[in-house]
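Peer 1: what follows is a predicted protein model with its sequence.
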Amino acid sequence: MHIYKPEQEPAVRSLGPENLLLKGATLKNTKKIYGVSVYTGMETKMALNYQGKSQKRSAVEKSINAFLCVYLCILISKAVVCTTLKYVWQSKEGQDEPWYNQKTQKEKDTFMYLKMFTDFLSFMVLFNFIIPVSMYVTVEMQKFFGSFFIKWDNDFFDPEIKEGALVNTSDLNEELGQVEYVFTDKTGTLTQNNMEFIECCIDGFQYRQRDVRSELDGFTVTDGPVHKLQPKAGVEKEELFLRALCLCHTVQVKEAGSEETLGDRLDGMLPKPEEERGFIASSPDEVALVKGAMKYGFTFLGLENKKMKIRNRQNDIEEYSLLHVLNFDPVRRRMSVIVQTRSGETLLFCKGADSSIFPRVRPEEVDRIRLHVERNATEGYRTLCVAYKQLTAEEYMVAETGLQDARLALQDREEKLMAMYNQLETGMSLIGATAVEDRLQEEAAETMEALQGAGMKIWVLTGDKMETAKSTCYACRLFQRGTELLELTVRTLEDGRSKREERLLELLRDYHKRAVQDAPPVRTGVVTRSWCGSQEYGFIIDGATLTLVMNPPRDADASLYRSLFLQICQNCTTVLCCRMAPLQKAQIVKMVKNSKGSPITLSIGDGANDVSMILEAHVGIGIKGKEGRQAVRNSDYAIPKLKHLKKLLLAHGHLYYVRIAHLVQYFFYKNLCFILPQFLYQFFCGYSQQPLYDAAYLTMYNICFTSLPILAYSLLEQHICIEILLDNATLYREIAKNAMLRWRPFLYWTLLGIFQGLMFFFGVRFLFSNPALQDNGQVFGNWSYGTIVFTVLVFTVTLKLALDTRHWTWLNHSAIWGSLAFYVFFSFFWGGIIWPFLKQQRLYFVFANMLSSVSAWLVIIILILLSLLPEILLMVLRKPRGPLSRQTAAVTPLSYKHLKERC
Amino acid sequence: MMASSYNAKEEDGHHSGSAGLGGAAIRSRKPDNTAFKQQRLPAWQPILTAGTVLPAFFVIGLIFIPIGIGLFVTSNNIKEFEIDYTGTDMSSPCFNCSQSFSWNSSTPCKCVLPFSLEQPFESNVFMYYGLSNFYQNHRRYVKSRDDSQLNGDERSLKEPSKECEPYRSSENKPIAPCGAIANSMFNDTLDLFYIDPNGTKTQIPLIKKGIAWWTDKHVKFRNPGNNPNLTTVFIDTAKPVNWRKPVYELDTDSENNGFINEDFIVWMRTAALPTFRKLYRIIQKKNNMTPTLPRGNYTLEVTYNYPVRSFEGRKRMILSTISWMGGKNPFLGIAYITVGSICFFLGVVLLFIHHKYGNRNNSSDIPN
């Protein structure tokens, strides 16, 4: 803190945070000010809180890369095996160069090792189709087109802002189905940031007032703005209370039509003008209170020349001169004003949290009001108590001088001010309490419940006070009655006598013991995580403590603290982090993201202060809220309301994940059984790199014959329909932890591919032990062999997909049957003409001749059937057992049928 | 095979029209309420359950087993006779020929193999030659041909494709037909004689037409130019180095000479596996009274031109009848019987499991 002292004027002024003009502030009521700019350039809050946008990669892509490595190894080993065997085979005399198959002079002259190398490369080229290059194209197409479904979804359309969802990146669709941690902002995300005055309690009598908009308990009372349910308190008390509400605040009146905006606060808000009059305050609660008082007939008209004007019930204007504002601070948790009435009385009005007011008023008054306050608090309202005190002239003089001294003190100003405030705010009399509701977003509680049911851990990261955040958490059912709260805040740290660090460690150990070690060992499977656990834990930490955990004074402790902290958090269903700086939010996200098992994180927020957290998480979701477009611009997906998150994750995310996982596995599978026969053929052609299939088939296989069905599948498949996905959040757990792209399913698909590849090759191989397959005794050659294998392959692979398809739209039908028809048509066409540009007419009438052979038909049919048989069998047999059987009983009978058919 | 439920969700696609009061700006933002965009396309949702798969298994079993038996019986009814005339054994009549082989011997080596058929061959008999350990599917070999030359392209005749190396030119003349495949054409001559019980030897007429694919003979292979005199057409070309005669002397019949010689076309269709057979001649059934090849003694007279000893190959002559499914091959029949039985067996097992599981499932549902 520094003090500015002009030379020519003896007066001393203090400069404090209240003199700081923030970015975007507008000059008002004065022509000019003198100012010094501080915190510029890279030191601005914005720059400090900004994080570079990094490339986000989905877990599926990582799996793809791992699989790719496996297939690359297979490819290389195949090539190595073939090259080795080739040279072993050639070493036998007469094999390498029989008289009928001489080498050219150039081939003979080539150096042996070079030949080996080129052979190796030729094998690589021959088998390279095993690496599904076309998969990347298909995956990209799937993601690109798939993201349109989010954009098009009518359920995401919000009639208020007339906008639907926005997709900024299409790379992360499937990540939506993998979320394990949800980091949510509170204000504007969980809540509407729209405070509403619910009720007050004056002298122990409840004043509840409802209007149509606050349909809280399902019944509404619409007769008049003021409705008193219970016997009133004395008029005098009532008016005193309402005056207190009108006076004890720092609200400014925004005249209608004035353009100025004055809003750059931590949880900045722009109140709507109401009755041509807008109120602006650093805390939305105050606005709500002033508005509440207005409904009871006391209107705050504004502050002019240190005079506060109030229009009372009799429509008279009352004027009070404002003498002092004892600002709100989180330690005192109350604020006061000292005003002077026209009649010369000096009054102190104080409002604050119950815990800070109750000790300062007469105890007999407390009992009457405490009941109401506590009831309101449990209902999730933000409660404030209002007290007043009449100051005598002498008292005021003492206070005046005391405050002046304290304000000018160069050292310990805060302490001195605090002491002065505390001294002033004693011996007050309690007049009432208020309850303000920060209304939750639509369906916030349902959404949160669904997400928790889906196995996600929800972390609320907010810049708000702990109490407010906690009450919101209760309201959202994130904390439930039975939830045991583990608090790790500045307050709990300072309880003890010992030093903060020691106390921190002690608490961490204690919580760890309670939450981690004593927890029943239910964490065996993915399915039963913390779901049936007997005790649910909630964890609360605040920003200051978090700093201590993350950056302890001794570096050695850092890892210990962190791991303890993480373990506790991982065992809690909900973690509440309050008083967070934006960058701290990102820090938390980063810590969880990099923890063991690297869980998928999702951040959702609506304001600029959430941007860093949105950027840091795997998936960032912006809410098209009131706080501008910053979050939306930096997010991966933007939705109008929090409630849309449920469908986005549970339905879209789930489906996208299943689709893309199936797509990836299928691609690897189909290329494996495509190339395996070609590999096996090398053993029968002297390891000469002779391709089994014609070049046209080799190129067209992935591009034309088998690409469309899987694309249609990956865009349209709904293995479980959307309604059921939304109704049974637990279904989301089944695909958690990348379940469909783990090594086991990969192994299954690979084995399936190998089995079918072997089937295709050896089935035809045995048929060709006598190549006279036509009824006129004519024989088939090597291209017929390849064509038969290829026909079986195309049909099997496509029918395998058909077996997996659970949702046959006309598009699926046309893609699957169309592809097969196209294959047949193309084969006829390709073999029907002597192509002038081709050097060799290998396939001339091969396909037609093949179809004229009954044996070829029979072998094709039986090989297709035999290849698909294990698949069908598994599908039928897997249903009775499997991990699902237990859960199927829990969900509705409607989904039971669908669960059963899952494969 | 599948129980299915047709799940057509009603689409309410007409609402957008009534909601259009807000003007174009609103409508452009609001997503179209079409079934496709809302992922509500009517869909057929097949359900594969044990109940639906079961009958399928039984049906497959019931269809496949008879087919398999039919195939097996058919294959078994096909008569096939095979004789190896490579001549690696000292005892073999062709031993001398195989030992004293040289490319440029002027007198062809002949050997005679006697054999007897235990059973008569009733219908048309197809005569194949079979080669073993002959890699017709070697890449270098497969690509060593020029299809445009074989299709009668005169430019390719004079300048064959580079793929034909090292069988592209000899003595500075282009080889026609070029390439390793053509060069190594099978050139043994096989003749069959029936020995009457009284000792007279009658040659069995072998038909050399209809052994190649019709499309190959008539479209894919064509002699260059329109000149019926092939000698002049091929005047500036050399014969393949290992051939004894030029291509225009393969046959006296002009319909079977040059590139459209059926023996040549058959050879040019490269075999899939190193052990293969190729159709050589057809023995047509004379009349319904006598079998095509009655049981008795026969001799096979081989003009031994084709060396296989250097790569340890074998040469065979195969006589076979043909059925609707082609030559003798028990594989298909066995496969069909096996798969049919497996399906049937699985059907029984599934029925058992389904029955048992179905009961268990019902009982477990009750407590919930």
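Peer 2: Yes, it's here.
Peer 1: can you pull the phi/psi pair for the residue in the stretch 151-300 of chain B that chain A sits nearest to?
Peer 2: As assessed by Cβ to the nearest Cβ, chain A sits closest to B:Ser184 within the stretch 151-300 of chain B, at 3.3 Å. In short, each C-beta sits where N, CA and C put it, glycine included. Dihedral pair for B:Ser184: phi -100, psi 30, per degrees, to the nearest 10.
Peer 1: again, but for B:Gly296
Peer 2: Here is the backbone geometry of B:Gly296 (degrees, to the nearest 10): phi 150, psi -160.
Peer 1: count the neighbours of it for me.
Peer 2: 13 (other Cβ atoms under 10 Å in any protein chain shown).
Peer 1: assign the most centrally placed residue in chain A to helix, strand or coil.
Peer 2: Chain A has A:Leu602 as the residue nearest its centroid, 2.4 Å off, counting by Cα atoms, centre = their mean. Under DSSP: H, G, I helix; E, B strand; the rest coil, the three-state class of A:Leu602 is strand.
Peer 1: how much space between it and chain B?
Peer 2: 22 Å (Cβ to the nearest Cβ, to the nearest Å).
Peer 1: in the stretch 101-250 of chain B, which spans are strands?
Peer 2: For the stretch 101-250 of chain B, the strands defined by DSSP state E, counting those that start in this stretch occupy B:109-117, B:125-132, B:169-170, B:173-174, B:189-195, B:201-203.
Peer 1: name the helices or strands packed onto the fifth one?
Peer 2: In terms of contacts (3 or more Cβ pairs under 8 Å, 6 or more residues apart in numbering or on different chains; DSSP states H and E), strand B:189-195 is packed against strand B:125-132, strand B:201-203, strand B:276-283, strand B:296-304.
Peer 1: from B:Arg155, how far off is the residue lying closest to A:Leu767 once chain neighbours are set aside?
Peer 2: Distance criterion Cβ to Cβ, 6 or more residues apart in numbering or on different chains; nearest residue to A:Leu767, sequence neighbours excluded, is A:Val859 at 4.9 Å. Counting by Cβ to Cβ, to the nearest Å, the separation of A:Val859 from B:Arg155 is 41 Å.
Peer 1: neighbour count: these two, which is higher?
Peer 2: A:Val859 (26 against 10).
Peer 1: surely the more buried one and A:Gly763 touch.
Peer 2: Yes: when contacts are counted by Cβ atoms under 8 Å, A:Val859 is listed as touching A:Gly763 (6.1 Å).
Peer 1: which residues do those two both contact?
Peer 2: A:792, B:335 (Cβ atoms under 8 Å, 6 or more residues apart in numbering or on different chains).
Peer 1: on that earlier part again, where among the strands of the stretch 101-250 of chain B is the average confidence lowest?
Peer 2: When those are ranked by mean pLDDT, strand B:169-170 comes last with a mean of 88.
Peer 1: that one pairs with which strands, parallel or anti?
Peer 2: Applying DSSP bridges, strand B:169-170 is found paired with strand B:173-174 (antiparallel).
Peer 1: distance from the chain centre to the strand it pairs with, please.
Peer 2: From the chain centre to the centre of strand B:173-174 is a distance of 33 Å (Cα atoms, centre = their mean, to the nearest Å).
Peer 1: residues contacting that strand, please?
Peer 2: B:157-160, B:168, B:236-238.
Peer 1: what residues does the stretch 801-903 of chain A put near chain B?
Peer 2: A:803, A:806-813, A:834, A:838-841, A:844-845, A:848-849, A:853-855, A:858-859, A:862, A:865-866, A:869, A:872-873, A:875-877, A:879-880, A:889-890, A:897, A:900-901, A:903 (Cβ under 8 Å from any Cβ of the partner chain).
Peer 1: can you list which of the residues you listed are found in helices?
Peer 2: Among those, the members found in helices (DSSP state H) are A:803, A:810-813, A:848-849, A:854-855, A:858-859, A:862, A:865-866, A:869, A:872-873, A:875-877, A:897, A:900-901.
Peer 1: put the buried members of these into a PyMOL selection.
Peer 2: A single PyMOL command selects the buried members of those (16 or more other Cβ atoms under 10 Å in any protein chain shown):
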select buried, chain A and resi 803+811+812+813+849+854+855+858+859+862+865+866+869+872+873+875+876+877+900+901
